[in-house]
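Novice: Pasting a predicted model and its sequence here:
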Amino acid sequence: MEKMKNDGKILLFGGIGYYLLETLWRGYSHWSMAAAGGISLLLIIKAFAKLKNAPHYFRAIIGGGIITAVELLFGMFFNLFLGMGIWDYSAVWGNIMGQICPLYSFFWCGISYAVSVFERLFRFGKIVFPKKALP
């Protein structure tokens, strides 16, 4: 039960973070991006647990790949299959079906680097949340 609560918190944190980041970047977002962000962060944290001793740059590349893969899947479903047109990278060099591109994959690696650093700080107890602050 505790594991499900932790996973739920990670999903929520990733969803809110991704939605806010996109809103700051583009001025708006879509609920599907919150879902993509939550799923991405949960998958990244699970991958980082298996890569405990890997260097941050390697973990960042893995994390960037995870976010890019989630974006591709979400883009194929929401943009191409459902025709919602939430985003379109068609004008960006190296794009694949207008859903992902090297430029944003690079950005995702940068964000994943920060996640890698914070994940280690949490794991080693350098950052803790007060129990009363959490529901």
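Specialist: That came in fine, so what should we check first? Numbers count the residues shown, from 1 in each chain.

Novice: In terms of helices and strands, where is residue 112?
Specialist: helix 102-123 (DSSP states H and E).

Novice: so what's the residue positioned nearest the centre of the chain scoring on pLDDT?
Specialist: Centroid check for the chain by Cα atoms, centre = their mean gives residue 40 as the closest residue, at 3.9 Å. According to the prediction, residue 40 has pLDDT 98.

Novice: One more: the one 5 residues further on?
Specialist: Predicted confidence (pLDDT) at residue 45: the value is 96.

Novice: For it, list the residues it contacts.
Specialist: Residues counted as contacts of residue 45 (Cβ atoms under 8 Å, 6 or more residues apart in numbering) are 10, 115, 119. C-beta coordinates here come from the backbone N, C-alpha and C atoms, glycine included.

Novice: before we move on, back to that, what sits up against the helix holding residue 112?
Specialist: Under Cβ under 8 Å, 6+ apart, the answer for helix 102-123 is 21, 41, 44-45, 48, 52, 56-57, 59-68, 71, 89, 92-94, 127-128.

Novice: So which bits of that helix are buried?
Specialist: Buried residues in helix 102-123, counted by 16 or more other Cβ atoms under 10 Å: 104-105, 107-109, 111-113, 115-116, 119.

Novice: Identify the farthest-apart pair in those residues.
Specialist: 104 and 119 (21.6 Å; Cβ to Cβ).

Novice: then the one helix or strand the residue nearest to the centre of the chain maps to to CSV, C-alphas only?
Specialist: Element membership for residue 40, per DSSP H and E: helix 31-50. Provided in CSV are the C-alpha atoms of helix 31-50 (Å, rounded to 0.1, in the frame of the first residue of the first chain):
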residue,chain,number,x,y,z
TRP,A,31,-4.4,17.7,-19.5
SER,A,32,-2.8,14.9,-21.5
MET,A,33,0.6,16.5,-20.8
ALA,A,34,0.0,16.1,-17.1
ALA,A,35,-0.7,12.4,-17.7
ALA,A,36,2.5,12.2,-19.8
GLY,A,37,4.5,14.0,-17.2
GLY,A,38,3.3,11.8,-14.4
ILE,A,39,4.0,8.6,-16.3
SER,A,40,7.4,9.9,-17.5
LEU,A,41,8.5,10.8,-13.9
LEU,A,42,7.3,7.4,-12.5
LEU,A,43,9.2,5.5,-15.3
ILE,A,44,12.3,7.6,-14.7
ILE,A,45,12.3,7.1,-11.0
LYS,A,46,11.9,3.3,-11.5
ALA,A,47,14.8,3.3,-14.1
PHE,A,48,17.0,5.4,-11.8
ALA,A,49,16.4,2.9,-9.0
LYS,A,50,18.0,0.3,-11.2
